[in-house]
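Undergrad: Fold the following, please.
(one chain, ligands or ions: 1)
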Amino acid sequence: MKRSHTVWAAVLGAGLAFGVTCAAVSAGNPVEERQATMKAVGQSMKEAAAINTPATFDAAKAKTLMDGVAANAKKLHGLYPAGSGADPKTEADPKVWENKADFDKRLTEMATLATTAGKSADAAGFKTAYAAVGATCKSCHDVYRMKKKS
Ligand code: HEC
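TA: Next up is the predicted model:
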């Protein structure tokens, strides 16, 4: 009994330490973190596409998925620290850092639109709101995401 308590304390301690590391953001590798976060956003959008029909619309699921996209958009703000454009693995265009205010504005817009989409009451509303979120992905990628180098 005593032993299992010690194990749990260690697990909780590790969890807390991890939280602190995340708050400091760039302690990890910001390029890997933002790519993984973008991937998660892509996955949510894909899952949301499946409920984007009158027959399959699910308001609760739309809210969960779109709130997740919004949370990730907010998280992405901290994952483009100065200097991280030099990493050979990044597909982020140097323009991100030249126009950081515009880039951040687009992330804020993505979060706002995703939150709105999550509040859709019916399939028709979701269709429009989901398309608006998708448009923010494309318009930002067109300007700030480079084609893969290799
Ligand atoms: C404010 C600009 C911006 C917005 C908005 C944006 N992205 Fe991105 N996205 C980027 C940039 C920049 C990269 C390249 C990141 C890197 O490689 O460092 C990227 C990369 C990606 C990747 C590739 C991740 C990988 O595997 O390397 C996916 C998938 C992706 N975005 C999906 C989305 C989706 C889906 C949306 C909309 C819901 C979206 N993005 C919105 C800027 C944006």
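
Undergrad: Enumerate every residue touching the residue lying closest to Phe57 once chain neighbours are set aside.
TA: Distance criterion C-beta to C-beta, 6 or more residues apart in numbering; nearest residue to Phe57, sequence neighbours excluded, is Ala123 at 3.7 Å. The way it works is simple: take the backbone N, C-alpha and C, and place the C-beta from them, glycine included. Counting by C-beta atoms under 8 Å, 6 or more residues apart in numbering, Ala123 makes contact with Asn52, Thr53, Pro54, Phe57.

Undergrad: pretty sure Lys119 is touching Ala60, no?
TA: No: applying C-beta atoms under 8 Å, one finds Lys119 not in contact with Ala60, separated by 11.6 Å.

Undergrad: Between those two, tell me which one has more neighbours.
TA: Lys119 (14 against 9; other C-beta atoms under 10 Å).

Undergrad: pLDDT at the more buried one, what is it?
TA: For Lys119, the pLDDT comes out at 98.

Undergrad: Quick test: name the residue nearest the centre of this protein.
TA: Nearest to the geometric centre of the chain sits Asn72, at 2.8 Å (C-alpha atoms, centre = their mean).

Undergrad: State whether that one is indeed within a helix.
TA: Yes: secondary structure of Asn72 (DSSP: H, G, I helix; E, B strand; the rest coil): part of a helix.

Undergrad: how near is it to the ligand?
TA: Using C-beta to the nearest ligand atom, to the nearest Å, Asn72 is found at 9 Å from the ligand.

Undergrad: Same check on Ala117?
TA: Per C-beta to the nearest ligand atom, Ala117 is found 10 Å from the ligand.

Undergrad: doesn't Lys127 make contact with that residue?
TA: No: Ala117 is beyond contact range of Lys127, at 9.7 Å (criterion: C-beta under 8 Å).

Undergrad: So which of the two has more stuff around it?
TA: The neighbour comparison of Ala117 against Lys127 (other C-beta under 10 Å) goes to Ala117, with 27 against 16.

Undergrad: In terms of helices and strands, where is that one?
TA: Secondary structure from DSSP states H and E places Ala117 in helix 100-118.
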